[in-house]
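# Build me a model:
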Amino acid sequence: MERDQRTRVYDAIRRGFRRGAETAFVTEAGGTPAWVFDLRSALLSGSSLPDICDLMLEALRKEGPVQFGGLETSAIALVAGLVTRAAATDPGVSGFYIRKSRRKDGFQKHIEGTLSERDIVLVDDILNSGRSLMRQIAALEAEGRRVRAACVLIRYRDASFYTEFEKRGIKVHALFSLEDFPETGGLLHEPAPPAPARPRFETVWKFASANPAYAFVIPKSAPVTDGERVYFGADNGTMWALHATDGSIAWSYRTLFGAGKKRIFSSPALAFGNVYFGAYDGNLYCLDAATGAKRWVYREADWVGSSPTIASDLKSLFVGLEFGLWHKEGALACLDPITGARKWLYEIPTLVHSSPLYVARHRLVVVGSSEGVIYGVHAKRGSLRWSFRAGAAVRASFAYDASTDTISFGSEDGSLYILNAKDGTLRHKIATYEPIYSTPTAHRGALFAGLLDKRVVRIDIARGAIEWEHWTHARVFAQPVVIGESVYIGSNDGRLYELDAATGRERSYTQFSERIVNAVAHDAASGRFFVPTYANELYCVEEVAD
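Below you'll find the predicted structure:
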């Protein structure tokens, strides 16, 4: 009977085999694969699904009582079928599925169904690099659950490739491998496993703020550290100061209201022993960095989503302001960081969520607006030096490269712009095909940027040419951070990538359970990184040898 079932399943899989020229399948990079398996018909067939589930249950027979789960969408049919077939002999069996993206409304769940206390078997149609499984494992471990095994229809690589699962004590079961389908050319081969054997991150501690606003999948309040403490703002209106060593709370400061669910998106700035940040209650706060005691509050805006920037040489603080007024929706303010007194205000007709950039070389402060106009303002006098109009809103900040004397930024018109810092004239415009809602990073004549089409790119600033691109598995809102010869950047796939700055080659990745939409913070003295997620979590991680 089992042999007959195996033959029927094999035939169903063969019917789903398509060569590239025969299918409309498109890869993430926009190409056409040599071949592909379309297994949805088999998984949704009343004749094939029972056979598939019976074969999987037989393969898992020695695993004992388990619960079944997997990533939408293929796993939904498999989980339902496995639970139904197993229930005859195991009434306590249950299942769940993990959403690729947490819903922005409704229950906003990441995991649908009820997790029991049983160990978990993850199921899917294929197993290729194993990265989707790693994301699921991270999500389940965050819930305190253990994954015992994985079971798939087709394994694409040799069993020795999946060393990461073996290290975690996770068995991999596959009904078939590519060797069973000669038309594919056999097992796939790569020179390195998906997580290269080099130092990568291990969690030292984790902190989670209550009541995250899952509806906002955009850059929020990024962490900063002074080595002793790490500071970041949360969706519930709290500015947290955590001890960098163990993640315990040093102090917290709570803002009382905001604009709906928007409370603190402003990233804190550290200077003069203070921490500065804006909030959607319309205030800019200055707190004592050691104690959290309030030093002063600037109250002249309706909302402050902009992150403050400090010009230490001028003893000035710059921040974007937003107002609910007709023909006066925004402004760029310059304040005294010690007293909070306003030095000057440059009014802007539209909203200013953008965070200013200060260029000391030109005594220039630059900020963007929701209408796409970039303003270059004299940092001491508050008078306009130059302006430049992009094709759509500019909501993030800017990168300055001293070697080329340029300012770079992204726009929601799907372009990266490179301007001459001195006069704001256009040097290069690079098409990115999707809107940009993140801040690029300039380093030694190169520009690094995360894009919403899932790429991280390096651009030669002088030539305006893309030198390399690295594809992640989801949109990228986070700002790159360059440390040594590596670029560190998070993606909406929940991974923190370490890329070779010169070549874009992936050196390592670390999987987290939620999206990473902000830049990481790094403490050079301890070597630790602080990784934020859009769910208001903060991980302290450090590199360890395998």
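
# Leu58 should be in a helix, yeah?
Quick fix: residue 58 is Glu, not Leu. Yes: looking at Glu58 with DSSP: H, G, I helix; E, B strand; the rest coil, it is inside a helix.

# what's the nearest residue to it if we skip its chain neighbours?
Among residues not flanking Glu58 along the chain, Glu2 sits closest, at 6.5 Å (CB to CB, 6 or more residues apart in numbering). Any C-beta I mention is one placed from the backbone N, CA and C, and that applies to glycine too.

# From what I see, the one you found and Ala59 are in contact.
No: in this structure, Glu2 is not within contact of Ala59 by CB atoms under 8 Å, at 10.4 Å.

# number of nearby residues for Met134?
If you count neighbours by other CB atoms under 10 Å, Met134 ends up with 20.

# Would you mind naming the helix or strand containing it?
helix 131-142 (DSSP states H and E).

# Neighbour count for Glu2 and Ala59, which is higher?
Using other CB under 10 Å as the criterion, Glu2 and Ala59 rank with Ala59 on top: 16 against 10.

# contacting residues around that one?
Counting by CB atoms under 8 Å, 6 or more residues apart in numbering, Ala59 touches Cys151, His173, Leu175.

# and what of Pro440?
Phe398, Ala399, Ser408, Phe409, Gly410, Leu416, Leu447, Phe448, Ala449, Gln479, Pro480.

# any idea which of those residues has the most stuff around it?
Gly410 (30 neighbours).

# For that residue, list each beta-bridge partner.
Taking DSSP bridges as the rule, Gly410 bridges to Leu416.

# Asp405: neighbour count?
Around Asp405 there are 15 residues (other CB under 10 Å).

# make that Lys422, sorry
Lys422 - counted by other CB under 10 Å - has 16 other residues nearby.

# Then the one 10 residues further on?
For Thr432, the tally of surrounding residues (other CB under 10 Å) stands at 19.

# And the helices in this structure?
2-15, 40-43, 48-59, 74-86, 131-142, 163-167 (DSSP state H).

# Out of those helices, which is closest to Arg385?
Closest to Arg385 of those, according to CB to CB: helix 131-142, at 46.5 Å.

# residues in contact with that closest one?
Counting by CB under 8 Å, 6+ apart, 69-71, 98, 110-111, 115, 120, 122, 124, 127, 146-147, 150, 164-165, 168, 170, 194-195, 473, 493-495, 511-513 sit against helix 131-142.

# show me where pLDDT drops low in the chain?
1, 26-30, 190-199, 545-546 (pLDDT under 70).

# and if we set it to 50?
Scanning the chain for pLDDT under 50 picks out 191-199.

# circling back to that earlier point, in the helix holding Met134, what's buried?
Within helix 131-142, the residues scored as buried using 16 or more other CB atoms under 10 Å are Arg131, Ser132, Leu133, Met134, Arg135, Gln136, Ile137, Ala138, Ala139, Leu140, Ala142.

# Tell me the bridge partners for Arg157.
Beta-bridge partners for Arg157, by DSSP bridges, are Leu188.

# again with Tyr488
Val481, Glu498.

# shouldn't it be in contact with Val531?
No: at 9.0 Å, Tyr488 does not count as touching Val531 under the criterion of CB under 8 Å.

# what is in contact with the two at once?
Joint contacts of Tyr488 and Val531 (CB under 8 Å, 6+ apart) are Leu496, Val520.

# just to revisit the earlier point, taking the buried residues of helix 131-142 together, which two end up most distant?
Arg131 and Ala142 (16.9 Å).

# count of neighbours near Ala396?
23.

# wait, doesn't it sit right on Glu412?
No: Ala396 is beyond contact range of Glu412, at 9.8 Å (criterion: CB under 8 Å).

# okay, and the common contacts of these two?
Ile436, Tyr437.

# circling back: just the buried subset of the contacts of helix 131-142, please.
69-71, 98, 110-111, 115, 120, 122, 124, 127, 147, 150, 164-165, 170, 194-195, 473, 493-495, 511-513.

# Any buried residues in stretch 314-322, and which?
Leu314, Ser316, Leu317, Phe318, Val319, Gly320, Leu321, Glu322.

# Leaving out chain neighbours, which residue sits closest to the second one?
With CB to CB, 6+ apart as the measure, Cys334 is the residue that lies nearest to Ser316, at 5.3 Å, once sequence neighbours are left out.

# Please report how far that neighbour lies from Cys286.
Cys334 sits at a distance of 14 Å from Cys286 (criterion: CB to CB, to the nearest Å).

# With Ser306 instead?
According to CB to CB, Ser306 stands 15 Å off from Cys286.

# For those two, indicate the residue with more neighbours.
Shown here are Ser306 and Cys286; by other CB under 10 Å, Ser306 has more neighbours (31 against 24).

# is it true that that one touches Gly320?
Yes: with contacts counted by CB under 8 Å, Ser306 reaches Gly320, the gap being 3.2 Å.

# So for these two, which residues contact both of them?
Shared contacts of Ser306 and Gly320, counting by CB under 8 Å, 6+ apart, come down to Val352, His353, Ser354, Ser355, Pro356, Val367.

# The last one bridge partners, please.
For Val367, the residues forming beta bridges with it (DSSP bridges) are Tyr375.

# and it, how many neighbours?
So Val367, with other CB under 10 Å, has 28 neighbours.

# correct me, but it touches Leu321?
No: applying CB under 8 Å, one finds Val367 not in contact with Leu321, separated by 10.0 Å.

# Overlap of the contact sets of these two?
With CB under 8 Å, 6+ apart as the test, Val367 and Leu321 both reach Ser306, Leu332, Val352.

# Now render the residues you listed as TSV, adding distance to Ala241.
Formatted as TSV, these follow (distance: CB to CB, whole Å):
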residue	distance to Ala241
Ser306	21
Leu332	28
Val352	27
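
# Enumerate every residue touching Val93.
Pro65, Val66, Gln67, Phe68, Leu82, Val83, Ala86, Ala87.

# Closest to Gly233 out of those?
Gln67 (37.2 Å).

# That closest one - how many residues pack around it?
Neighbours of Gln67 (other CB under 10 Å): 24.

# thought it was touching Ala86?
No: under the criterion of CB under 8 Å, Gln67 is not in contact with Ala86, lying 9.9 Å apart.

# Relative to Leu538, how far out is Val9?
Distance from Val9 to Leu538, by CB to CB: 46 Å.

# cool, Asp124 as well?
Going from Asp124 to Leu538 by CB to CB gives 31 Å.

# just Val487 next, same as before
21 Å.

# do Lys328 as well
Taken as CB to CB, the span from Lys328 to Leu538 is 36 Å.
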